[in-house]
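> Sharing a model that was predicted from the sequence below.
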Amino acid sequence: MKKNPLCLVTGACGFMGSHMVEVLAEAGYRVRATDLPSAFRGDDLNKGLFPSVVRKCGAEIRPADLTDRKSLDEVCSGVQWVFHVARLFGYSARWDALYAVNVEGTQNLCDALEKSGELERFIMWGAGGVYGLPTEDKLPLTEDMPTDPPNDYLRSKDLAEKEVMKFCQQHGVAHAVLRPTTVYGPRAVYGGGQLVKGLYKLNPVMVPANFTARIPFVHVRDVVGAALHLASRADGISGPYNVNDDSQLTMIDTMRFFAMMSGAAFIKLPPIPVGAVRRGLVGVASVVQKVMRDYLKRQSPLEPDSIEYLNRDFVYSNDKLKGTGYEFVYPDPRPGLRDTVMWYKQQGWL
């Protein structure tokens with residue numbers, strides 16, 4: 001293994017990609033950053049693009065498109081370590097687009113890396129949701145459990161994970177598939193970012209007494225920190241790793257904490273029939289999503305696949321990751337959530 005490997009970060013301008021570039025640069029690694037050519041034109045907070053961060057880190061910039069196989073040869077030339085962050089993340093995205101970027105794009109990347117012939121480490125961004133919706137008899141979720149992705153986005157990520165593991169096993173490449181849970185932190189726009197901004201804006205904060213399901217949190221710095229930690233190990237990394245902090249905050253705990261941060265009143269409501277409410281919201285969201293996506297060509301504010309997670313009890317084991325010696329920077333999400341809210345305020349997002 002080379003002492004200072006050339007590290008390729010895909011999706012480098014995005015939320016997690018820009019943090020990955022930062023962490024590698026801070027550690028003194030040589031960094032090559034790739035993303036769509038349009039992503040490097042300038043910061044776009046609404047789209048979660050931060051090319052200024054990449055440039056500030058002094059990374060070598062090589063624009064490319066995962067769906068364009070030929071554009072990846074130059075990008076992958078001479079690369080020893082890959083941090084494959086890029087993906088199409090959207091619960092409203094169509095299957096053909098998800099498959100083209102997340103599955104075929106990953107295959108294209110693997111083909112280009114095989115042609116280069118210098119690959120030593122492959123760290124893949126998978127998804128914590130590939131296990132499927134949780135049931136009480138299958139908690140905590142562990143890496144040896146079969147996958148059962150419940151929606152198109154997660155199906156595409158599950159297929160992409162399998163492509164990477166097959167490729168690395170065939171070529172003897174040390175690899176890790178990260179399965180992050182609810183990722184939050186500065187620069188988060190979608191997913192965990194929506195959750196943080198939405199909860200902070202509630203006033204009053206009202207929560208049913210039976211919202212006792214646990215929310216699996218992880219700070220972005222722990223996701224990228226785990227990625228570098230695993231890549232830096234001399235040997236012994238293989239397969240998937242859940243990336244989830246040590247907390248098991250319930251929805252009530254979380255919403256009470258946000259009320260404390262914002263100064264909003266906190267009101268605990270009587271229990272509600274969660275299953276019936278969830279089904280009703282999914283029905284409404286399905287109609288809204290169809291209108292927004294098919295007719296208005298815009299992102300829907302309500303997505304049935306994300307509503308399916310409402311009050312689902314997600315508990316993940318992080319024993320495999322911690323067994324490698326990784327220590328979480330944010331084992332409890334509350335300090336990190338405070339920092340994230342402060343960052344949002346500085347950007348004028350809150």
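Structure received.
> so where's the stretch 201-350 of the chain shaky on pLDDT?
For the stretch 201-350 of the chain, no stretch is flagged by pLDDT under 70.
> so where do the helices sit in it?
With DSSP state H, counting those that start in this stretch as the definition, the stretch 201-350 of the chain shows helices at residue ranges 220-232, 251-262, 274-290, 304-307, 319-322, 333-346.
> Let me know which of those helices is tucked in deepest.
Highest mean neighbour count of the helices of the stretch 201-350 of the chain: helix 220-232, a mean of 23 (counted as mean count of other Cβ atoms under 10 Å). C-beta here means a position set from N, CA and C on the backbone, and glycine is covered the same way.
> List the contacts of that one.
Helix 220-232 has contacts (Cβ atoms under 8 Å, 6 or more residues apart in numbering) with 7, 15-16, 19-20, 22-24, 27, 81, 83, 121, 123, 176, 178, 180, 183-188, 237, 241, 243, 245, 321, 324-326, 328-330, 336.
> how does it look with 7 Å?
For helix 220-232, contacts defined as Cβ atoms under 7 Å, 6 or more residues apart in numbering pick out 15-16, 19-20, 23-24, 27, 81, 83, 121, 123, 176, 178, 180, 183-185, 188, 237, 241, 243, 245, 321, 324, 326, 328-330.
> same thing with stretch 152-159?
Under Cβ under 7 Å, 6+ apart, the answer for stretch 152-159 is 87, 89-91, 93, 95, 98-99, 102-103, 126-127, 129-130, 147, 149, 305.
> If I follow the layout properly, Tyr131 ends up in contact with Thr142?
No: using Cβ atoms under 7 Å, Tyr131 is not in contact with Thr142; the gap is 8.8 Å.
> Which one of these two is surrounded by more residues?
Tyr131 (24 against 15; other Cβ atoms under 10 Å).
> can you tell me how far the nearest residue to the more buried one once chain neighbours are set aside sits from Pro134?
With Cβ to Cβ, 6 or more residues apart in numbering as the criterion, Tyr131 has its nearest non-adjacent residue at 4.8 Å, and that residue is Leu141. Distance, Leu141 to Pro134, using Cβ to Cβ, to the nearest Å: 7 Å.
> Report the buried members of the contacts of helix 220-232.
Burial by neighbour count, 16 or more other Cβ atoms under 10 Å: within these this picks out 15-16, 19-20, 23-24, 81, 83, 121, 123, 176, 178, 180, 183-185, 188, 237, 241, 243, 245, 321, 326, 328, 330.
> Out of those, which sit inside strands?
Under the assignment DSSP state E, these contribute Trp81, Phe83, Arg121, Ile123, Ala176, Leu178, Pro180, Val183, Tyr184, Tyr241, Val243 to strands.
> What is the nearest of the residues you listed to Ile215?
Tyr184 (10.2 Å; Cβ to Cβ).
> can you count the residues close to the residue nearest to that closest one when sequence neighbours are not counted?
Take Tyr184 and drop its neighbours on the chain: the residue closest to it by Cβ to Cβ, 6+ apart is Gly192, 3.9 Å away. Neighbours of Gly192 under the rule other Cβ under 10 Å: 24.
> phi, psi of Gly192?
Torsion angles at Gly192 (phi, psi; degrees, to the nearest 10) stand at phi -60, psi -30.
> For it, list the residues it contacts.
By Cβ under 7 Å, 6+ apart, Gly192 lies in contact with Thr182, Val183, Tyr184.
> I'd like these as JSON lines, with distance to Asp158 and pLDDT appended.
Listed next are the contacts of Gly192 as JSON lines, based on distance: Cβ to Cβ, whole Å; pLDDT from 0 to 100:
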{"residue": "Thr182", "distance to Asp158": "18", "pLDDT": "97"}
{"residue": "Val183", "distance to Asp158": "18", "pLDDT": "98"}
{"residue": "Tyr184", "distance to Asp158": "23", "pLDDT": "98"}
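> and these as JSON lines, adding distance to Leu202?
Converted to JSON lines, the contacts of Gly192 look like this (distance: Cβ to Cβ, whole Å):
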{"residue": "Thr182", "distance to Leu202": "17"}
{"residue": "Val183", "distance to Leu202": "21"}
{"residue": "Tyr184", "distance to Leu202": "16"}
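> So which of these is the closest to Met251?
Thr182 (11.8 Å).
> From Pro216, how far out is that closest one?
Taking Cβ to Cβ, one finds Thr182 at 6 Å from Pro216.
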